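Novice: compute the structure for the input listed below.
(4 chains)
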2 protein chains.
Amino acid sequence: MLPTPPPRRRRKDARPGEILAAALALFGERGFSATRLDDVAARAGVSKGTVYLYYPTKEDLFRAVLRQGLIPNLEAMEVELATHQGSTAELLGLIGRRLLALMDTNLTVIPKLVLAEAGNFPALAQFYADEVVKRAMALLAGILRRGMDRGELRTIDPQDAIPSIMAPFLMMALWKHSLGQHTNLALDPEAVVAAHLQVLLHGLEKRP
Amino acid sequence: MLPTPPPRRRRKDARPGEILAAALALFGERGFSATRLDDVAARAGVSKGTVYLYYPTKEDLFRAVLRQGLIPNLEAMEVELATHQGSTAELLGLIGRRLLALMDTNLTVIPKLVLAEAGNFPALAQFYADEVVKRAMALLAGILRRGMDRGELRTIDPQDAIPSIMAPFLMMALWKHSLGQHTNLALDPEAVVAAHLQVLLHGLEKRP
DNA sequence: ATTTAATGACTGACCGGTCAGTATTCAAGG
DNA sequence: CCTTGAATACTGACCGGTCAGTCATTAAAT
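Specialist: Have a look, this model is predicted:
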């Protein structure tokens, strides 16, 4: 006798989110081309037909995954930093804490996915460049400019300095979903962020 | 009348390199799954059968592409830095110049490829973690430790400080092959490296 | 009874891999 | 030099498995 199949449930409202979460995880692990829609469906606890009920094609599913990703977080940081009154050092510390919190989240796969698929999805690359990267850069540039105006920071071109500030966070997110999975070589996010803030604020060189 | 096909040439010694170069370019643009062997063959000026003459499977071709990539450059830097006698600041400047030179090379696709395919090729991820990343980190950690011993650098855990130093270079390489292709938002490598060295050595903060 | 969320067997295009056949090279024999 | 033919680099039509996308059917909900 065959095992009784679990009862079919109709949950129109919950499906899209579950499918998106399953898709984010699998696209993140394997990339777009290598993930099969059957696997996304299985992980979402649903059949393939159901996926097609909510997303017309695999590409649409992919776009949906990436579009709803980082923007809410970015917006939250924008308002928080806009209203914050502390010193630039405090502001950088705040950014560090916020991004550190994101590190415990599966949103960290998104940068890897965007990087990997930019060639196959130019429109998505453009979307991310404009709606995420440019906005984040503008946010940081504003902070740096204000710091210089206040006399807290040495003068430096904000555009050129942004990678020095942001790249380690990006690197940790990428690490978590690539080499970090397959080696004992560990990056401790807390320690890295602490060291990074120290370097940013004081530099490596010992004062004379 | 049909156009005369170009003459077939037998060039056993030149093929592997040409195929590898074509494969590196296409894997870099599209990722492993999304690149078709027919396209690799076409770009190498060869038929699909010829590719299989030199590489038994698509995966073997992929591994060959990634294994012959960055190690020679890393080794060159290792000996150069081991014999260098200058200050830590000079050493960091040298690293900056070396990596800046690599930026004009198509070797910059390799990090993106390794990141994107780490989930599908765990053995390759391990290889890169051990043979490239660990070695590069050991190299940098050594430089930092020597700088601290000499009293040139403030004390800081070398492991934790490495992302602050390396990540911007990685970020520029990734940028070049992802968002950089699809947006006017430009990163000027020379300016970024110059700003980065300034930040590393002196920090962002103005001296009191 | 009607509506519609959900299923999963099915289809067909696509692409990794094969191999019988073709073209080039080169050396030995005339 | 000019054949001849053995060795082999190279080709591309073909095969078979895989997987995105479809749709007739089932069953939950109201």
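
Novice: in chain A, where's the longest helix?
Specialist: In chain A, with assignment by DSSP state H, the single longest helix is helix A:158-176.

Novice: now the element after that one, going C-ward?
Specialist: Using DSSP states H and E, the helix or strand that directly follows helix A:158-176 along the chain is helix A:189-202.

Novice: so which bits of that following helix are buried?
Specialist: For helix A:189-202, the neighbour count (16 or more other C-beta atoms under 10 Å in any protein chain shown) marks A:Pro189, A:Val192, A:Val193, A:Ala194, A:Ala195, A:His196, A:Leu197, A:Gln198, A:Val199, A:Leu200, A:Leu201, A:His202 as buried. Every residue, glycine included, has its C-beta placed from N, CA and C.

Novice: rebuild those as TSV, extending it with distance to DNA strand D.
Specialist: Output for these, formatted as TSV (distance: C-beta to the nearest atom of the strand, whole Å):
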residue	distance to DNA strand D
A:Pro189	33
A:Val192	36
A:Val193	38
A:Ala194	42
A:Ala195	42
A:His196	39
A:Leu197	43
A:Gln198	46
A:Val199	44
A:Leu200	43
A:Leu201	48
A:His202	50
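
Novice: any idea which of those is closest to B:Ile165?
Specialist: Nearest to B:Ile165, judged by C-beta to C-beta, of the buried residues of helix A:189-202 is A:Val199 at 8.1 Å.

Novice: need the contact list for that closest one.
Specialist: By C-beta atoms under 8 Å, 6 or more residues apart in numbering or on different chains, the contact set of A:Val199 is B:Ile156, B:Ala161, B:Ser164, B:Val199, B:Leu200, B:Gly203.

Novice: ok, the second one - contacts?
Specialist: Contact criterion C-beta under 8 Å, 6+ apart gives A:Ala195, A:His196, A:Val199, A:Leu204, B:Leu144 as the residues in contact with B:Ala161.

Novice: can you show me the CA trace of the helix or strand bottoming out on mean pLDDT in chain A as CSV?
Specialist: The least trusted helix or strand in chain A, going by mean pLDDT, DSSP states H and E, turns out to be helix A:71-83, with a mean of 93. The C-alpha coordinates for helix A:71-83 follow below in CSV (Å, rounded to 0.1, in the frame of the first residue of the first chain):
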residue,chain,number,x,y,z
ILE,A,71,15.9,48.0,-1.1
PRO,A,72,13.8,48.0,2.1
ASN,A,73,16.9,47.7,4.1
LEU,A,74,18.7,50.4,2.2
GLU,A,75,15.7,52.7,2.7
ALA,A,76,15.7,52.1,6.4
MET,A,77,19.4,53.0,6.6
GLU,A,78,18.8,56.1,4.5
VAL,A,79,16.3,57.6,6.9
GLU,A,80,18.2,56.5,10.0
LEU,A,81,21.4,58.1,8.8
ALA,A,82,19.7,61.2,7.6
THR,A,83,18.2,61.9,11.0
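
Novice: which other residues reach it?
Specialist: If you take C-beta under 8 Å, 6+ apart as the criterion, helix A:71-83 is touched by A:Leu91, A:Leu94, A:Ile95, A:Arg98, A:Leu102, A:Leu107, A:Glu131, A:Val132, A:Arg135, A:Ala136, A:Leu139, A:Ile143.

Novice: quick one: the last one and chain B, what's the gap?
Specialist: Shown here: A:Ile143 relative to chain B, a distance of 10 Å by C-beta to the nearest C-beta, to the nearest Å.

Novice: without its sequence neighbours, what residue ends up closest to that residue?
Specialist: A:Leu91 (5.5 Å; C-beta to C-beta, 6 or more residues apart in numbering or on different chains).

Novice: which neighbouring elements make contact with the helix or strand hosting the one you found?
Specialist: Element membership of A:Leu91, judged by DSSP H and E, is helix A:88-102. Here helix A:88-102 touches helix A:71-83, helix A:135-149, helix A:158-176, helix A:189-202, going by 3 or more C-beta pairs under 8 Å, 6 or more residues apart in numbering or on different chains; DSSP states H and E.

Novice: count the residues that sit near whatever residue of chain A ends up closest to DNA strand C.
Specialist: Per C-beta to the nearest atom of the strand, A:Gly49 is where chain A lies closest to DNA strand C, at 2.1 Å. For A:Gly49, the neighbour count with other C-beta atoms under 10 Å in any protein chain shown is 8.

Novice: please identify the helix or strand for it.
Specialist: Short version, using DSSP H and E: A:Gly49 is in helix A:48-54.

Novice: buried ones in that helix?
Specialist: Quick answer for helix A:48-54 (16+ other C-beta under 10 Å): A:Val51, A:Tyr54.

Novice: which strands or helices does that helix pack on?
Specialist: helix A:15-30, helix A:37-43.

Novice: who wins for proximity to DNA strand D among those?
Specialist: Nearest of the helices and strands packed on helix A:48-54 (C-beta to the nearest atom of the strand): helix A:37-43, 3.6 Å.

Novice: is any residue of that closest one near DNA strand D?
Specialist: Yes: residues of helix A:37-43 contacting DNA strand D under C-beta under 7 Å from any atom of the strand: A:Leu37, A:Asp38.

Novice: does chain B sit close to that helix?
Specialist: No: judged by C-beta under 8 Å from any C-beta of the partner chain, helix A:37-43 stays clear of chain B, getting no closer than 12.9 Å.

Novice: which other helices and strands contact that helix?
Specialist: helix A:15-30, helix A:48-54, helix A:58-67.

Novice: any idea which of the contacts of B:Ala161 is least confident?
Specialist: Least confident entry in those, by pLDDT: A:Leu204, with 86.

Novice: quick check: that one touching B:Pro158?
Specialist: No: the criterion here is C-beta atoms under 8 Å, and A:Leu204 misses it with B:Pro158 at 10.6 Å.

Novice: which one of those two is surrounded by more residues?
Specialist: More crowded of A:Leu204 and B:Pro158, by other C-beta under 10 Å: A:Leu204, with 24 against 20.
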